[in-house]
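Participant: Using only what follows, build the 3D model:
(chains A and B)
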Amino acid sequence: MTPLQKVAASILCALFALIVLTTFLLPAHYARQFRDIPNAGPSSAHPLGTDALGRDFLSRLLYGTRVSLLLAPAAALLATLIAAVLGSAAGLLGGWFEHIVLAATDLSLALPWLFLLLLVRAMLPLDVPPLVSVVIAFLMMGLLGWQASVRVICAAARGVRDSDFLLLARSSGCRPARLLVRHVAPNLRLLFYAQFFISIPLFILTEANLSILGLGVMEPTPSWGNLMRGFEDFSTLSANPWRLTPLILLVIVVMCFQLVLPSQEVAQ
Amino acid sequence: MIRRVWIVLALTFVSCWPAFAGPQTADHSGGELHFCLRGEPKTFNPLLVEETSSETIRYLTGGVLIRLNRQTQALEPGLATSWKVSADGRTIKFHLRTGLHFSDGTPFTSEDVAYTMKALMDPQMHSPTGDSFRSGEGQVVVQTPSSDSIVVTFPAPVAGLERLFDQVAILSAHSPKKEMAVLGPFYVADYTPGSSVLLRRNTSYWKKDQEGKPLPYLDSIRLDIQRNRDIELLRFRRGEIHLIDVLDAEYFDRLQKETPAVAHDAGTGLDSEFVWFNQVPTAPFAENKKAWFRSTEFRKAISTAINRDDLSRIVFGGHARPAFGPVSPANHFWFNVSLPVPQYDSAAALRLLAQAGFRLEGRTLRDSSGNRVEFTVITNSGNKSREQMVAMIQQDLSQIGIKVNLVTLDFPSLIERITRTYDYEACLLGLVNTDLDPNSQMNVWLSSAENHQWNPKQSKPATVWEAELDRLMHAQASATSDKKRKADWDRVQQIVAEQQPFIYLVNKDAMSAVSPAVVGSAPSVLDPHAFWNAEVLRLGADPALGAQK
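Facilitator: Purely as a prediction, here's the structure:
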């Protein structure tokens, strides 16, 4: 690991530690409105000022970091698991199974999944608590975000399929399930890691986009996405530059994940 | 290398040129006006209009017998050159313009008006516009003594009858194009669901300007379907659209800071924002919640616990007034000034709830069966001020132990829930008032009406006070004396204040934005604000569009 990667990993660790400690660090509850001071600038009581409804921006940022940074890796894990199982099996078995998996991947890539999310949101019961709604949003992202990884993993598994060690295992009477678990998966492990790390910033950005469209995390629960909803107003942003903090944090996190990633690829 | 860079830059500029140019303007032809619809139009049938997008299309395409001038608030001849209402207020006789044609060339005669009136009053049609004409039991009789005159007789007097015809777009009785054949200044030339509606100039339109030039001036109007208001504003600033008919306070302030000339505030408008609880008996949610929503004390407690002054000040930046009833104070004649102004008072709200059997346990309100009081408010996605209002209501109601959840839905899903499936608990939306007369709200207050949102299309009134509302609405609609009508309408406002079926929150100022490139614009308080005179609008010779130019 290079020094730069160590720094990136340290930042990520610090952020995750911050998530755990958020409850103790919040200057005020993230939903509490100080209605006498909406859109206030930084002060000792509100280090990052308040938002349009007078809510403490730092509290919302810290809690939003927890939402975005906990659920995005969970969604990435789900998407990578689906991709790993489907891609490895397709690459190993080949033939009609591989054709079906790749065709299904192409089909799902072609689907306008934004509309699918809209449809799912419209079909969901309305009385789900906000936190459950957030989890469902990320779950949907995880369930819909595996396609690109499947193609990569399938291609890699195809390479492993024709390798000598697999030929030896097969000739020894090893069954496909065992081949997959004991021989293919360990050899693709680093690729799985890579796909997982690539997916995290992708899901963070997706959640941000969904929130900007009003489809992600609902009020009053904060997330990086809905904290960035006011960014169209450049005049307000230039007068209140501290409002850019969620964007800066997002950029830092995405960069850190990308910096941590290359060592895995090199190892691969 | 440098040459290659220049080539790339040149290609980039050429490829971007149409985007910079925006909608083309031509002084002589009138050009193409661009603006946004905030939802998918649910219908092109003018008789079935019940939401803003379809209303916009009806306004721009529909030919009406009488048109209300949005600026002078006076009635002006449309397809009818003159009209006369009988002394008993039951009959109206129109003299029609002759030699007119629908947009597809079909001739216009009194038969078309008769056909439209029959369709409008057909109970099977469930026309929200038709509800305004229902003043009593019985059939509407339509007679056509000649091809240029028509007599419509209602079973009971209809007050303010002439004004109602501003909403009735005449359909063709014979055109194969059905409702797509129109008599208004524009016709629907193309519709791409989810994307845009293109209206083209109706060359058969009857109206001419003072110099005898045929109207409208504009060649076409492109209505882009854009639900997200941030994007709408961004497009206005970029010059991609020419006007924003209804501007939120936040955007108004922003635009006013940047370019004062494009932001117009016409003062307190007629539109209101309100929240209501679903009282439909067949609604698919728990019975205990239905019992809460049917409780007058519960609804009044919610109303009392909402701080409307804060809503006006914080969400609307002072560009709104707290609202307490169905009539805006801007409507000087019809507003009931004797209504008590309820004050924000959490303690009073808790007392009301205690009367209804609710009790506060710690920080949680529970009903008499011990259920936690919690409900979900739906509103349309992309509307920041409504989301902020719900967020503020969340905090206000948390003071009395009620948990409120917010769910934003895309507009078609929301309309589906509030008009067909009734699968929701509470909803926050706005009502666009197009007229000052109480008759324009018949389709809201009659218990049989489509827009009686808390419990629509009732076969008979579910409550005593709704029966009383029906009686009063019919009475005011059939009275010919303004004094009697005012007394009835004042009583309606009083009942609404007592029962709170709609919990009114604010009356917003009528704010809009119009690009300097649009010539002839004169924003008004009445809806539509910025394009009410679309037929005389044109795009100036200056190709500069939008706020940024």
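Participant: Torsion angles phi and psi at the nearest residue in space to A:Val217 that is not next to it in sequence?
Facilitator: Counting by Cβ to Cβ, 6 or more residues apart in numbering or on different chains, A:Val217 lies nearest to A:Ser223, which is 4.0 Å off, once chain neighbours are set aside. For glycine as for every other residue, the C-beta is placed from the backbone atoms N, C-alpha and C. Backbone torsions for A:Ser223, taken as degrees, to the nearest 10, come to phi -150, psi 170.
Participant: where do the helices sit along the stretch 301-450 of chain B?
Facilitator: B:308-310, B:346-355, B:384-398, B:411-416, B:442-445 (DSSP state H, counting those that start in this stretch).
Participant: Out of these, indicate the one that is most buried.
Facilitator: Neighbour counts (mean count of other Cβ atoms under 10 Å in any protein chain shown) averaged over each of the helices of the stretch 301-450 of chain B peak at helix B:442-445, with a mean of 24.
Participant: and B:Ser303, what does it touch?
Facilitator: B:Ser303 sits next to B:Pro342, B:Gln500, B:Ile503 when contact means Cβ atoms under 8 Å, 6 or more residues apart in numbering or on different chains.
Participant: Kindly provide the distance from it to B:Ala349.
Facilitator: 8 Å (Cβ to Cβ, to the nearest Å).
Participant: thinking again about what came up before, got a list of what the residue nearest to A:Val217 touches?
Facilitator: A:Gly64, A:Val67, A:Ser68, A:Val134, A:Glu207, A:Ala208, A:Ser211, A:Gly216, A:Val217.
Participant: Look up how far A:Leu205 lies from the third one.
Facilitator: This means A:Ser68. Taking Cβ to Cβ, one finds A:Ser68 at 10 Å from A:Leu205.
Participant: ok, these two, which is more surrounded?
Facilitator: A:Ser68 (32 against 16; other Cβ atoms under 10 Å in any protein chain shown).
Participant: nearest residue to that one other than its sequence neighbours?
Facilitator: A:Trp224 (4.5 Å).
Participant: Pretty sure A:Arg66 is one of the things the one you found touches, is it not?
Facilitator: No: applying Cβ atoms under 8 Å as the test, A:Trp224 and A:Arg66 come out as separate, 10.4 Å apart.
Participant: When those two are compared, which one has more neighbours?
Facilitator: Higher neighbour count among A:Trp224 and A:Arg66: A:Trp224, with 26 against 21, using other Cβ under 10 Å.
Participant: list the contacts for the more buried one?
Facilitator: A:Gly64, A:Thr65, A:Val67, A:Ser68, A:Ile204, A:Glu207, A:Ala208, A:Ser211, A:Pro246, A:Leu249, A:Leu250.
Participant: so which of the residues you listed comes closest to B:Ser220?
Facilitator: A:Ser211 (35.8 Å; Cβ to Cβ).
Participant: Give me the neighbour count for residue 88.
Facilitator: Using chain A. 26.
Participant: Switch to chain B, please.
Facilitator: B:Asp88: 12 neighbours (other Cβ under 10 Å).
Participant: and it, what are its phi and psi?
Facilitator: phi -80, psi 0.
Participant: Looks like it contacts B:Pro157 (just checking).
Facilitator: Yes: using Cβ under 8 Å, B:Asp88 is in contact with B:Pro157, at 5.8 Å.
Participant: and the spatially closest residue to B:Lys460 that is not a sequence neighbour, how many residues sit next to it?
Facilitator: Counting by Cβ to Cβ, 6+ apart, B:Lys460 lies nearest to B:Ser447, which is 7.4 Å off, once chain neighbours are set aside. Residues contacting B:Ser447 under the criterion other Cβ under 10 Å number 19.
Participant: same question, A:Ser43
Facilitator: For A:Ser43, using other Cβ under 10 Å, the count is 11.
Participant: How about A:Asp164?
Facilitator: There are 7 residues near A:Asp164, going by other Cβ under 10 Å.
Participant: again, but for the one 5 residues further on
Facilitator: When neighbours are counted by other Cβ under 10 Å, A:Ala169 registers 17.
Participant: which outside residues touch the strand or helix carrying it?
Facilitator: A:Ala169 is part of helix A:164-171, with elements assigned from DSSP states H and E. Helix A:164-171 is contacted by residues A:Val160, A:Leu179, A:Arg182, A:His183, A:Val184 when judged by Cβ under 8 Å, 6+ apart.
Participant: Dump these into TSV; add secondary structure, neighbour count and pLDDT as well.
Facilitator: Converted to TSV, these look like this (DSSP: H, G, I helix; E, B strand; the rest coil; neighbours: other Cβ atoms under 10 Å in any protein chain shown; pLDDT from 0 to 100):
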residue	secondary structure	neighbour count	pLDDT
A:Val160	helix	19	86
A:Leu179	helix	19	85
A:Arg182	helix	11	85
A:His183	helix	19	86
A:Val184	helix	26	85
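Participant: Between the residues you listed, which sits nearest B:Ala330?
Facilitator: A:Val184 (72.6 Å).
Participant: So what's the residue count around B:Ile221?
Facilitator: Count around B:Ile221 with other Cβ under 10 Å applied: 27.
Participant: Turn the helices of the stretch 301-450 of chain B into CSV, including distance to chain A.
Facilitator: Below are the helices of the stretch 301-450 of chain B laid out as CSV (distance: least, Cβ to the nearest Cβ, whole Å):
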stretch, distance to chain A
helix B:308-310, 5
helix B:346-355, 14
helix B:384-398, 5
helix B:411-416, 4
helix B:442-445, 24
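Participant: so can I have a markdown table of those helices showing mean pLDDT?
Facilitator: Converted to a markdown table, the helices of the stretch 301-450 of chain B look like this (pLDDT from 0 to 100):
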| stretch | mean pLDDT |
| --- | --- |
| helix B:308-310 | 95 |
| helix B:346-355 | 95 |
| helix B:384-398 | 93 |
| helix B:411-416 | 87 |
| helix B:442-445 | 89 |
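Participant: Which of the helices or strands spans the closest residue to A:Ile19 other than its chain neighbours?
Facilitator: The spatially closest residue to A:Ile19, leaving aside those adjacent along the chain, is A:Arg66, at 4.5 Å (Cβ to Cβ, 6+ apart). Secondary structure from DSSP H and E places A:Arg66 in helix A:57-93.
Participant: Just the angle for that helix relative to helix A:164-171, thanks.
Facilitator: Computed with axes from the mean of the first three to the mean of the last three Cα atoms, to 10 degrees, the direction of helix A:57-93 lies at 60 degrees from that of helix A:164-171.
Participant: Can you tell me the number of residues neighbouring the residue nearest to B:Ser312 when sequence neighbours are not counted?
Facilitator: Sequence neighbours aside, B:Ala320 is the residue nearest to B:Ser312 in space, at 4.4 Å (criterion: Cβ to Cβ, 6+ apart). Residues lying near B:Ala320 (other Cβ under 10 Å) number 25.
Participant: quick one: A:Phe231 is in a strand?
Facilitator: No: assignment of A:Phe231 by DSSP: H, G, I helix; E, B strand; the rest coil gives helix, placing it outside any strand.
Participant: What's the local residue count around the residue nearest to it when sequence neighbours are not counted?
Facilitator: The spatially closest residue to A:Phe231, leaving aside those adjacent along the chain, is A:Leu237, at 6.4 Å (Cβ to Cβ, 6+ apart). A:Leu237 has 15 neighbouring residues, counting by other Cβ under 10 Å.
Participant: Helices of the stretch 151-268 of chain A, residue ranges please.
Facilitator: Under DSSP H, counting those that start in this stretch, the stretch 151-268 of chain A gives helices at A:164-171, A:176-178, A:185-212, A:224-227, A:234-239, A:245-267.
Participant: Just put the ones you listed in TSV and tack on mean pLDDT.
Facilitator: As requested, the helices of the stretch 151-268 of chain A are exported to TSV (pLDDT from 0 to 100):
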stretch	mean pLDDT
helix A:164-171	86
helix A:176-178	84
helix A:185-212	81
helix A:224-227	80
helix A:234-239	70
helix A:245-267	74
